[in-house]
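Trainee: structure for the following, please:
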Amino acid sequence: MEENDQSHHVISQLQALQKASRDLQLNPIFTKYVLISSIKTLLDLGNKAASFILDIDDKNLSNLLLLLNKIKTLLENLEKSQGYSLKSILRRKITSYQIIQAGYAIESEIQCYIDRVNVYKLVKALQQEDEEAKLNCLIEFEQRVAQGFDRNFQDLVLKADVFSIIERLLDEEATCLKTVKDQLAIVIVSLVEFNKNVFVGLVLMGKIIPSLVSMASVGSIRALRLLVRLIKSPLTDELLLNNQITKIMGFLSSEDLEIRVAAMDCLFEIAYFGRAETIKAMIDEGLIYKLVGFQRSNLGDNLINMNGESGEESNGECSEFVPKIEGIERNFPFASCVARFAVQIEVGENLEQSERKALKLEILDGVREACVSEAEAASIVAEVLWGSFLGVS
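Mentor: The predicted model follows:
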């Protein structure tokens, strides 16, 4: 515990120093006295931090001390610089520029050290039994990844084998809490967003996708949907090849409403990015029958029935592709779901026009077979045709 407190104190001191270096960089190099004030603030914090920096054998912190000494020397030169000759003015501007560049370097060295400490802490936590520590470290790590691409940070993550550790913990045989596994799924999505060139391949080649499907939680299905949006057709092809589409379809029969909605949204995302073979597999698995059933339920009231009075229009708006009415998705998650699926196909990325037409005909045939009355079939068919029109207009 004492070691953790000391580490936290060190990080806090370094973060204060890092903030001072950022403030320094925001100063215009043409404002000498404002710049000097920021430099002195930075150096004061540097002097306070120097005592514990000397006790830590670390390359980044050693470089930090050198940079602080460099800024101190440059500050002395800046204060001695007087006069308004062209030579004096240019010397001050060059010195100011060198100071600000040193500020950038200080921020970078501190970030490298903090990242290394936090990644080491994450790896250690993931290999232990403390679930709360795992969750806290994962949240902190995800927030760092969300800051955007950083080559040094990426190298650190790869060298620490963080991705492989996460992959093992996502496995269905791992005994992590559900909340921890859901956070692991979020981290995977963040890593793919961080750098697709590196992490997409790791996702497709490993066990991440089967593990997310096997988890069968709202969080894992939502993460899968986001991965489909990021990776697009390569992932939809993998889902079809490995028979994962059937498993996702199975979630539509869950007793948990949130899982059913998350699965439907995921399938809609797959329809948007998938090839004709993938979409046809979804239809052959009975997706249209399921969607018609959802739309018929009390959670699927079409927008034409929003007042709860059969046959009365509430706002004259019939589906998701027109401006949304607040609360519709929350209270009626299956509203016009057949038409919404058809629109995903109509505007999707990987279909030829002939494939769109063929799939739409299959949807219409499926609607007629699944409906319990001609009136219901006519209503849903009209929505599908109208939605397809709006999707291409």
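
Trainee: please count neighbours and contacts with C-alpha atoms only from this point.
Mentor: OK.

Trainee: count the neighbours of Leu86 for me.
Mentor: 8 (other CA atoms under 10 Å).

Trainee: now Ile231
Mentor: So Ile231, with other CA under 10 Å, has 18 neighbours.

Trainee: tell me the contacts of it?
Mentor: By CA atoms under 8 Å, 6 or more residues apart in numbering, Ile231 lies in contact with 196, 200.

Trainee: and the helices in the stretch 151-300 of the chain?
Mentor: For the stretch 151-300 of the chain, applying DSSP state H, counting those that start in this stretch gives helices covering 151-159, 162-170, 178-194, 196-205, 208-215, 218-231, 233-241, 244-250, 257-273, 276-284, 287-296.

Trainee: hmm, which helix or strand of this protein has the shakiest average pLDDT?
Mentor: Here the helix or strand of the chain ranked lowest by mean pLDDT, DSSP states H and E is helix 328-331, holding a mean of 60.

Trainee: helix or strand for Leu359, which one?
Mentor: helix 353-370 (DSSP states H and E).

Trainee: please tell me I have it right and Leu351 contacts Arg275.
Mentor: Yes - Leu351 lies in contact with Arg275 (CA atoms under 8 Å); the separation is 6.2 Å.

Trainee: any residues in contact with both of those two?
Mentor: Counting by CA under 8 Å, 6+ apart, nothing touches both Leu351 and Arg275.

Trainee: out of the helices of the stretch 151-300 of the chain, nearest to Ser373?
Mentor: helix 287-296 (11.4 Å; CA to CA).

Trainee: alpha carbons only: can I get the closest one in PDB?
Mentor: Output of helix 287-296 as PDB, limited to C-alpha atoms (Å, rounded to 0.1, in the frame of the first residue of the first chain):
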ATOM      1  CA  LEU A 287     -34.600 -12.800 -39.600                       C
ATOM      2  CA  ILE A 288     -37.700 -11.400 -41.400                       C
ATOM      3  CA  TYR A 289     -40.000 -13.700 -39.400                       C
ATOM      4  CA  LYS A 290     -38.400 -12.500 -36.200                       C
ATOM      5  CA  LEU A 291     -38.600  -8.800 -37.100                       C
ATOM      6  CA  VAL A 292     -42.200  -9.000 -38.100                       C
ATOM      7  CA  GLY A 293     -42.900 -10.600 -34.700                       C
ATOM      8  CA  PHE A 294     -41.000  -7.800 -33.000                       C
ATOM      9  CA  GLN A 295     -42.900  -5.200 -34.900                       C
ATOM     10  CA  ARG A 296     -46.200  -6.800 -34.000                       C
END
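
Trainee: report pLDDT for Val228.
Mentor: For Val228, the pLDDT comes out at 98.

Trainee: can you start the count at 45 instead of 1 from here on
Mentor: In the new numbering, first residue 45, that becomes Val272.

Trainee: hmm, it is touching Leu279, no?
Mentor: Yes - with contact defined as CA under 8 Å, Val272 counts as touching Leu279 (6.1 Å).

Trainee: ok, longest helix in the protein?
Mentor: Criterion DSSP state H: the longest helix present in the chain is helix 130-170.

Trainee: who does that helix touch, helix- and strand-wise?
Mentor: helix 46-69, helix 103-124, helix 175-189, helix 195-203, helix 206-214 (3 or more CA pairs under 8 Å, 6 or more residues apart in numbering; DSSP states H and E).

Trainee: dump those helices into CSV; add mean pLDDT as well.
Mentor: Formatted as CSV, the helices and strands packed on helix 130-170 follow (pLDDT from 0 to 100):
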stretch, mean pLDDT
helix 46-69, 83
helix 103-124, 90
helix 175-189, 96
helix 195-203, 96
helix 206-214, 95
